[in-house]
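Q: Make a model of this:
(2 chains)
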Amino acid sequence: MDTAFAERRRRDLIVAVVLAAIAATVPLFVKDVYVQNIMVLTLMWGALSQSWNILSGYCGQISLGHALYFGIGAYTTALLFTKFGVLPWFGMLGGGVISALIAMALGYPCFRLRGHYFVIATIVIAEIGLLLFHNWDWAGAAMGIEIPARGDSWLKFQFPRSKLPYFYFALALACVAWFVTWWLEDSKWGYWWRAVKDNPEAAESLGVDVFNSKMGAAAVSAFLVAIGGSFYAQFVYFIDPESVMGFQFSLLMALPAVLGGIGTLWGPMLGAVILIPLTELTRSYVGGSGRGVDLIVYGGLIIAISLARPQGLIGLFTFKGRAGLSAPKRKEAVR
Amino acid sequence: MGLLYGLIAVGLALIFGLMDVVNFAHGEFLMIAMYATFFLFVFFAIDPLLSAPLVAAALFVFGAVVYLLIVRFAVRAKANAGMVQIFSTFGLAIVMRGLAQYFFTPDYRSVTHSWLGGKTVSVAGIYLPVPQLVGALVAIAAFGALYLFINRTDFGRALEATREDAGAVALVGIDKNKVFALGWGLGAALVGLAGAIMAIFFYIYPDVGASFALIAYVTVALGGFGSVFGAFAGGIIVGLVEATTAMLLPPSLKAVGIYAVYLLVVFVRPRGLFGSM
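A: Sure, this is the predicted structure:
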């Protein structure tokens, strides 16, 4: 195997472990609840974007309907808990499995679509899901579901009094999403996905099982996103169709990856670390008037960033790394 | 209603067919057209029917400016051009919504006492609301004009040629940016026209575009990307499907019918009804 690639992978893993360890100690110094809240959201969106990136970045099937899986995760957990008293941990797994199955069922017809037809199909399917939940009385319809607070407990996954447990769970989730991506990058599927993304016909002719590899990407991606949705439900205590399945959730999931670098290992996390605090800060500092100034700033940033660095911010870092290599090695690295 | 969807969608289809860019701010173009109509009515007492050409002209300029300021650069991106286009136009949509909220407040507004508002006419025993009827006629007229424009004028040919091979037209002295800017202007003008008519019978608020934008994408895709005629046909189909689902399902679910038909069509025919490619 390519030695430069193996070396890069080992380095990535070490960097990730170090970063995770540093992140884990941050709450020891930062006690401010507002800041902690931003950190939880950053990790959560990082994890979601990382999961979205598996299907859309690595496999090249741009989905703008991942809010569906997020919503299913949130609803499965919330419904099982409020209606049957099932612990959120099982709801989480259940939501993940249901989402993965739905993703595969939807992938069956959808993966024959190309380009914008596929993108619009994903949006439309998520929108149908949203409308169905809106009209589903048993699931709270438009009113949503309130998750009753039963005191701090890991068993029930509820911590009304402290953000710390949420922080550590979100950190774990982000690590898992990152690690799954890292692990798949060098698996058979990882290579297949890149081949499918670059040129599906050529990949097919070389014996890549295009359809099944897309299905695999969809299932993994949906499973992880549903876990994120389930976490979100326990974190905010209240869900309604609009707040977990709205179109903006699909876009928010894609945004960090696009910003950081789509189809890259570090892009989504980098994007989330920059974008989410920025979003939260503009919202609380200029959004108070309720007159849309935060939207203007936020939208302007999105335009500026996407035009200024179409390949994602991660390019800034890898370029530096490559410049240090000798000429023949650089060639290898580029390949 | 279907014909109006068609008119909104034709503008989108034009832009898409022209340069493969999906304008995610299309709904917001519609929104500002509606506001422009509203303010012309409130401050200058110009009826939406008369202001429609003015609004269309203003949107033409706006569309061209958006192209020159934003889209021109988005198209140039080498890496993930698709995502850059989606997010730069989506960012624009957010900014426009924010600006609308800032200047116009989130209140619902409506054009009251226009010439046509609330009137109905009976055609062969069926009562039809006049504004919708006029909207349909305007849509047909605009579509006819666009058809002639694309097929019969020099500019129309330049548009087609640029779409087919942007590199080659540069050799014969056509400025690609100029053509694309005019194309964007034209697409925006069509949506401006639709917005002016819809201001007669829809509430106007900052998020109004969002509810129509997705239907517009579905309409275009249903007809097949790259086909202006397809977008118009798609509009008619969407209108009919919406009317039918409204009878069968609760009103809040009426969009489900449209989406379901889109999915059915593309699953059977992945290029849309009239898509070439």
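
Q: In contact with A:Val176: list those residues for me.
A: Contacts for A:Val176 (C-beta atoms under 8 Å, 6 or more residues apart in numbering or on different chains) come out as A:47, A:224. Where C-beta positions appear, they are placed from N, C-alpha and C, glycine not excepted.

Q: do that again at 10 Å, thanks
A: Applying C-beta atoms under 10 Å, 6 or more residues apart in numbering or on different chains to A:Val176 gives the contacts A:47, A:50-51, A:224, A:227.

Q: Check A:Ala67 too.
A: Here A:Ala67 is in contact with A:122-123, A:126-127, A:129-130, A:225, A:229, A:241, A:244-253 (C-beta under 10 Å, 6+ apart).

Q: That one: what's its closest spatial neighbour, skipping adjacent residues?
A: Nearest residue to A:Ala67, sequence neighbours excluded (C-beta to C-beta, 6 or more residues apart in numbering or on different chains): A:Phe249, at 3.7 Å.

Q: For that neighbour, grab the count of nearby residues.
A: 27 (other C-beta atoms under 10 Å in any protein chain shown).

Q: Would you list the phi and psi of B:Thr153?
A: Main-chain torsions, B:Thr153, degrees, to the nearest 10: phi -110, psi 160.

Q: now it: how far from B:Leu159?
A: 9 Å (C-beta to C-beta, to the nearest Å).

Q: Please say which of those two ends up with more neighbours.
A: B:Leu159 (23 against 11).

Q: right, and the more buried one touches B:Leu182 too?
A: Yes. Here B:Leu159 lies in contact with B:Leu182, judged by C-beta atoms under 10 Å, at a distance of 7.6 Å.

Q: check which helix or strand covers the residue in the stretch 101-250 of chain B that chain A sits nearest to.
A: Residue nearest to chain A within the stretch 101-250 of chain B (C-beta to the nearest C-beta): B:Gln101, separated by 3.1 Å. Following DSSP states H and E, one finds B:Gln101 within helix B:81-104.

Q: contacting residues for residue 71?
A: Since no chain was named, I'll use chain A. Shown in contact with A:Gly71 (C-beta under 10 Å, 6+ apart): A:95, A:99, A:126, A:129-130, A:133, A:225-226, A:229, A:232-233, A:239, A:241-246, A:249.

Q: Correction: the question concerned chain B.
A: By C-beta under 10 Å, 6+ apart, the contact list for B:Val71 reads A:307, B:15, B:19, B:21, B:23, B:25, B:63, B:85, B:88-89, B:92, B:180-181, B:184.

Q: which of those has the most neighbours?
A: Neighbour-wise, the contacts of B:Val71 (other C-beta under 10 Å) top out at B:Asn23, 30 neighbours.

Q: State the distance from that one to chain A.
A: Separation of B:Asn23 from chain A (C-beta to the nearest C-beta, to the nearest Å) stands at 12 Å.

Q: Let's verify that residue: helix, strand, or coil?
A: coil (DSSP: H, G, I helix; E, B strand; the rest coil).

Q: Now the phi/psi pair for it, please.
A: phi -90, psi 100.

Q: repeat for A:Gly246
A: phi -60, psi 160.

Q: quick one, strands of the stretch 201-335 of chain A?
A: Counting by DSSP state E, counting those that start in this stretch, the stretch 201-335 of chain A has strands at residues A:238-239.

Q: Then the stretch 101-250 of chain B?
A: Along the stretch 101-250 of chain B, counting by DSSP E, counting those that start in this stretch, strands occupy B:120-123, B:126-129.

Q: got the phi/psi numbers for the one residue in the stretch 51-200 of chain A that gets nearest to chain B?
A: Closest contact between the stretch 51-200 of chain A and chain B, by C-beta to the nearest C-beta, is at A:Val124 (4.3 Å). When quoted as degrees, to the nearest 10, the phi and psi of A:Val124 stand at phi -60, psi -40.

Q: so which strand or helix has the residue nearest to it when sequence neighbours are not counted?
A: Distance criterion C-beta to C-beta, 6+ apart; nearest residue to A:Val124, sequence neighbours excluded, is B:Tyr259 at 4.3 Å. Assigned by DSSP H and E, B:Tyr259 belongs to helix B:254-268.

Q: average pLDDT across that helix?
A: Helix B:254-268 carries an average pLDDT of 82.

Q: Then stretch B:174-189?
A: For stretch B:174-189, mean pLDDT is 80.

Q: And stretch A:270-284, by the same measure?
A: Average pLDDT, stretch A:270-284: 81.

Q: Name the spans of the chain whose pLDDT lies under the cut-off.
A: With no chain named, the answer covers chain A. A:1-2, A:149-161, A:286-292, A:315-335 (pLDDT under 70).

Q: The intended chain is chain B.
A: Within chain B, the segments meeting pLDDT under 70 span B:1-2, B:17-20, B:77-81, B:112-128, B:131, B:163-167, B:169-173, B:226, B:275-277.

Q: Which stretches in it count as helices?
A: B:2-19, B:26-44, B:48-66, B:72-76, B:81-104, B:130-152, B:154-164, B:166-171, B:176-198, B:208-223, B:228-248, B:254-268 (DSSP state H).

Q: So which of these is nearest A:Pro200?
A: A:Pro200 lies closest, by C-beta to C-beta, to one member of the helices of chain B: helix B:81-104, at 15.4 Å.

Q: which other helices and strands contact that closest one?
A: helix A:115-134, helix A:247-260, helix A:293-308, helix B:26-44, helix B:48-66, helix B:72-76, helix B:208-223 (3 or more C-beta pairs under 10 Å, 6 or more residues apart in numbering or on different chains; DSSP states H and E).

Q: quick one: the residue nearest to A:Val124 and A:Ile123 touch, right?
A: Yes. The pair B:Tyr259 and A:Ile123 passes the contact test of C-beta under 10 Å, sitting 9.0 Å apart.

Q: Find residues that contact each of those two.
A: Joint contacts of B:Tyr259 and A:Ile123 (C-beta under 10 Å, 6+ apart) are B:214, B:218.

Q: Please name the residues that touch the most centrally placed residue in chain A.
A: By C-alpha atoms, centre = their mean, chain A has its centre lying nearest to A:Leu48, at 1.5 Å. Counting by C-beta under 10 Å, 6+ apart, A:Leu48 touches A:66, A:69-70, A:173-174, A:177, A:221, A:224-225, A:227-229, A:231-232, A:249, A:252-254, A:256-257, A:268, A:272.

Q: cutoff 6 Å now
A: A:225, A:228, A:253 (C-beta atoms under 6 Å, 6 or more residues apart in numbering or on different chains).

Q: roughly how far apart are it and B:Ala233?
A: Distance from A:Leu48 to B:Ala233, by C-beta to C-beta: 38 Å.

Q: ok, now A:Arg11?
A: 55 Å.

Q: and the stretch 1-150 of chain B, which residues reach chain A?
A: B:73, B:77, B:79-80, B:83-84, B:87-88, B:91, B:94-95, B:97-99, B:101-102 (C-beta under 6 Å from any C-beta of the partner chain).

Q: Filter the residues you listed down to the buried ones.
A: If you count burial by 16 or more other C-beta atoms under 10 Å in any protein chain shown, the buried members of these come out as B:73, B:77, B:80, B:83-84, B:87-88, B:91, B:94-95, B:97-99, B:101-102.
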